[in-house]
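In: Quick one, what's the 3D model for this:
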Amino acid sequence: MRRIRPKHPAVRIAALTALLLLVAFLPTLAASTASATDGPCPRKIYGLDFGPYTREGQDPNLGAVVSEAQVRDLLSEVAPYTEWVRTYGCTHGLENVARVAHELGLKVAVGAWLGPNLSANEEQISSLIDIAQRGEADLLVVGSEVMLRHDLTEAQLVQYMERVKSAVTGLPVATADTYQELLDHPSVMAACDVVMPNYFPFWGGVSIGSAVNWVDLRHQQVVAAAGGKPIIISESGWPSHGSPVGNAVPSPGNASAHLSSFIDWAEGEGVGYFYFEAFDEPWKSKYEGDVGSHWGIWDSQGNLKPGMESVLHGLMEGDASGNCSMSIVDAMFIAQYRVGLRTFTSDQLKCADTTDDGSVTIVDAMHIAQWLVDPDGSLGVLFKPLWESLGDDGMLPPAR
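Out: Coordinates of the predicted model:
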């Protein structure tokens, strides 16, 4: 692994001196430093598509009403793992989602469901405006895949968007649809403050190994057509069960693999996204075939599916103390370990080996101290980014 020698030896010497002083006071530190915590660190997803119809018989097409208690239970389950949630309607109990999500510290993209029933559309739009005017929304999504279903004309959809814009100031307004529909309807894209495409390599019959490349190619087309507007991916996911589509095979392993690779790709591109979807929703199998009810990261009972836990519960590089952050305490733990005042679990050893040389030494403690002084390497102190091994061992980048 290539290493860059520090450009500022004085800073490196200062860090080393601090660590030597650290070792000198180890008996005191050993008594005063907190114990390592148990359990992995939740990985934050940018956003989740949130449908709360997780119970048998709950079908929004049949007028199902979701209680606020159910909404709160489901949002409380996902809140540690995401920054945003996106909804698909704002009536029949869904009008409570934004308020509850804000109470849990989440941002919300509130959706109005639009279809061919114009009176139902009026109810949705009115509720969307009310929610926004109460200050409960952070992004307004006027319709989802309306053009794909041919439920409204292009002009009708744009008119609904403009109506919301005129009623609400200070919030971005968009519609969400497949990337191809947005490319084929430039006037709709032009009406959006934020462009929100859906990318589903599964429906394209693409193998899991080629899925993210497929997404990237389509995304670059949207970037080129968006004219510099911000882009937030509104949907991408992979089902865990059901029938294959071409080379796309539903399985728990493929579903978790797509989640992991998609997040890595999106973070590398610096693009926001809503992952499809939070929970399995049984009602969808009636309309979307046997894969319809198996898109969730969690099953309909609220359990993380096989493979998802390893994606969302990662080890954080440099986190020797196991507290899901990195500070001088982690350097202390390593120093204590080196002089026999502390034992490490196998997970702690993996996190503490910041230099990836197969052992935990005082150099790893110095590495942590260097990162705290110079996290981006701009001073030339940091000889290897702590997150450089992310692609090799799946550990999360450090956080302070």
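In: now residue 360, nearest residue through space, not along the chain?
Out: In space, and not counting its chain neighbours, residue 360 is closest to residue 352: 4.5 Å by Cβ to Cβ, 6 or more residues apart in numbering. Placement of C-beta: from N, CA and C, glycine included.
In: Ignore what I typed, I meant residue 194.
Out: Closest to residue 194 by Cβ to Cβ, 6+ apart is residue 174, at 4.5 Å.
In: any idea which element the one you found lies in?
Out: Assigned by DSSP states H and E, residue 174 belongs to strand 173-178.
In: where does the stretch 301-400 of the chain have low pLDDT?
Out: 376, 381, 383-385, 387-394, 399-400 (pLDDT under 70).
In: what about 80?
Out: 314, 374-400 (pLDDT under 80).
In: Where do the helices of it begin and end?
Out: 308-312, 328-338, 346-352, 362-373, 390-393 (DSSP state H, counting those that start in this stretch).
In: pLDDT below threshold where in this structure?
Out: Filtered on pLDDT under 80, the chain yields the residue ranges 1-40, 42, 314, 374-400.
In: now with 50?
Out: Within the chain, the segments meeting pLDDT under 50 span 1-7, 21, 24, 30, 32, 36, 389-392.
In: Pop the domain breakdown of it in here.
Out: Residue ranges for the domains of the chain, per automatic domain parsing: 9-40+315-393, 43-313.
In: Switch those domains over to TSV; also include mean neighbour count.
Out: As requested, these are arranged in TSV below (neighbours: other Cβ atoms under 10 Å):
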stretch	mean neighbour count
domain 9-40+315-393	18
domain 43-313	19
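In: Contacts only, for the residue nearest to residue 194.
Out: Shown in contact with residue 174 (Cβ atoms under 8 Å, 6 or more residues apart in numbering): 139, 140, 141, 142, 161, 192, 193, 194, 195, 196, 232.
In: ok, these vs residue 178, which is closest?
Out: Residue 178 lies nearest to residue 196 out of the contacts of residue 174, by Cβ to Cβ, at 10.5 Å.
In: Helix, strand or coil: sort out that closest one for me.
Out: strand (DSSP: H, G, I helix; E, B strand; the rest coil).
In: mind checking how far it is from residue 172?
Out: 10 Å (Cβ to Cβ, to the nearest Å).
In: Over to residue 203?
Out: Taking Cβ to Cβ, one finds residue 203 at 27 Å from residue 172.
In: Among the contacts of residue 174, which ones are in helices?
Out: Judged by DSSP state H, the subset of the contacts of residue 174 located in helices is residue 161.
In: Could you dump the contacts of residue 174 into CSV and include distance to residue 254?
Out: Converted to CSV, the contacts of residue 174 look like this (distance: Cβ to Cβ, whole Å):
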residue, distance to residue 254
139, 30
140, 33
141, 28
142, 33
161, 36
192, 31
193, 34
194, 29
195, 28
196, 25
232, 25
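In: how about the contacts of residue 174, which pair is most distant?
Out: Checking the contacts of residue 174 with Cβ to Cβ, the most distant pair is 161 and 232, at 15.6 Å.
In: Contact partners for residue 316?
Out: Contacts of residue 316 by Cβ under 8 Å, 6+ apart are 41, 324, 325, 326, 351, 395, 396, 397, 398, 399.
In: In those residues, find the pair that's most separated.
Out: 325 and 395 (14.0 Å).
In: From what I see, the residue nearest to residue 360 and residue 344 are in contact.
Out: Yes. Counting by Cβ atoms under 8 Å, residue 352 does reach residue 344; the two are 6.5 Å apart.
In: list residues touching both of these two?
Out: Taking Cβ under 8 Å, 6+ apart as the criterion, residue 352 and residue 344 both touch 320, 333, 337, 360.
In: longest helix anywhere in the chain?
Out: Per DSSP H, the chain has its longest helix at helix 252-269.
In: Which elements pack onto it?
Out: Packing contacts for helix 252-269, counted by 3 or more Cβ pairs under 8 Å, 6 or more residues apart in numbering; DSSP states H and E, involve helix 211-225, strand 272-273, helix 308-312.
In: CA-only coordinates of it in CSV, if you can.
Out: Extracted C-alpha coordinates of helix 252-269, given in CSV (Å, rounded to 0.1, in the frame of the first residue of the first chain):
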residue,chain,number,x,y,z
PRO,A,252,-31.5,-12.3,0.1
GLY,A,253,-27.9,-12.3,-0.9
ASN,A,254,-28.4,-10.3,-4.1
ALA,A,255,-30.7,-7.9,-2.3
SER,A,256,-28.1,-7.1,0.4
ALA,A,257,-25.3,-7.0,-2.2
HIS,A,258,-27.2,-4.4,-4.2
LEU,A,259,-27.9,-2.3,-1.1
SER,A,260,-24.2,-2.3,-0.2
SER,A,261,-22.8,-1.6,-3.7
PHE,A,262,-25.5,1.0,-4.4
ILE,A,263,-24.7,2.9,-1.2
ASP,A,264,-21.0,2.8,-2.0
TRP,A,265,-21.7,4.1,-5.5
ALA,A,266,-24.0,6.9,-4.4
GLU,A,267,-21.6,8.1,-1.8
GLY,A,268,-18.8,8.0,-4.3
GLU,A,269,-20.9,10.1,-6.7
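In: by how many degrees do it and helix 211-225 diverge?
Out: 40 degrees (axes from the mean of the first three to the mean of the last three Cα atoms, to 10 degrees).
In: Who does the most centrally placed residue in the chain form a beta bridge with?
Out: For the chain, the residue nearest the mean C-alpha position is residue 45 (1.6 Å; Cα atoms, centre = their mean). Beta bridges link residue 45 to residue 82, judged by DSSP bridges.
In: tell me the contacts of it?
Out: 81, 82, 83, 263, 275, 312.
In: Spatially nearest residue to the fourth one, not counting backbone neighbours?
Out: In this structure, residue 263 finds its nearest non-sequential neighbour in residue 45, 6.7 Å apart by Cβ to Cβ, 6+ apart.
In: Fine by me, thanks again.
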